[in-house]
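I'd like to go over a predicted model; first the sequence, then the structure.
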Amino acid sequence: MVNLRAVSRTAAIAVIALVIVACSGTAAPSAPPASGATASPVPSASPAPATTVTPSAAPATPSPSRKPRPSLDIDPAELDAYMTSSITFLDLADEDLAVVVTYLDPDSDVPFPLGTFGLESMDQVTNDAPPGTYTLEFHQPADSASATSCTIQIADAEGYVFAALGDAIAITSSTTPPSTAGDLFVATSTLCID
């Protein structure tokens, strides 16, 4: 039996990725015609000028053209139906922060990278997300090779907040209050399932 919730979640992630790809390289819109210019509905009675055909020195070559990307017809209300949870990143440290976000599909062994968020000191970023499992890698400073990692399971209508404090990453959930002081930090929190 097919798990419809898992299929819907996977479809939502794929739609989000397609929206990002489609929005990244659209062609510029063409200029509208001038408002005062109108075409004459009646043909002109003036005689046509005489034309002379002269051979050109070089044959005309077609100029390369870029194929327009197809536009996706997505209703924002339908997309919002999947984006019921949220993840917030705060950089309260003096160094820049980079957060690599990866979606883990339960029906696949291949993780789906969603991108890297870059934050400067005192920046905040909040993103809506569909419920699911995500791995977050925190690099501070942003160009650091070492990372603090946390895999979270976001439920419907749940919000996670991660705050970089310089020497630690704090974590909170809107639905799960911390039971110990260790639950407040990624390194020891029971909210991280990895």
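Received it, and whenever you're ready, just let me know what you need.

what are the bridge partners for the residue nearest to residue 104 when sequence neighbours are not counted, then?
Leaving aside its sequence neighbours, residue 104 sits nearest to residue 133 (Cβ to Cβ, 6 or more residues apart in numbering; 4.2 Å). No exception for glycine: its C-beta is placed from N, CA and C like everyone else's. On the basis of DSSP bridges, residue 133 is bridged to residue 104, residue 153.

number of residues surrounding residue 133?
Around residue 133 there are 17 other residues, counting by other Cβ atoms under 10 Å.

show me what contacts it?
103, 104, 106, 151, 152, 153, 154, 193 (Cβ atoms under 8 Å, 6 or more residues apart in numbering).

hmm, the second one is touching residue 132, no?
Yes. The pair residue 104 / residue 132 is scored as a contact, 7.4 Å apart, by Cβ atoms under 8 Å.

so for the two, which sits in the more crowded spot?
residue 132 (21 against 17).

is it possible to mark the buried ones in the contacts of residue 133?
Listed as buried from the contacts of residue 133 are 103, 104, 152, 154; burial here means 16 or more other Cβ atoms under 10 Å.

now the first one: how far from residue 154?
As judged by Cβ to Cβ, to the nearest Å, residue 103 and residue 154 stand 10 Å apart.

list residues touching both of these two?
132, 133, 134.

what is the nearest of these to residue 146?
Using Cβ to Cβ, the shortest approach to residue 146 within the shared contacts of residue 103 and residue 154 belongs to residue 134, at 20.0 Å.

lowest-scoring secondary structure element of the chain by mean pLDDT?
helix 4-24 (a mean of 47; mean pLDDT, DSSP states H and E).

would you map the helices across the chain?
If DSSP state H is used as the criterion, the helices of the chain fall at 4-24, 76-82.

low pLDDT regions in the protein?
Applying pLDDT under 70 to the chain flags residues 1-81.
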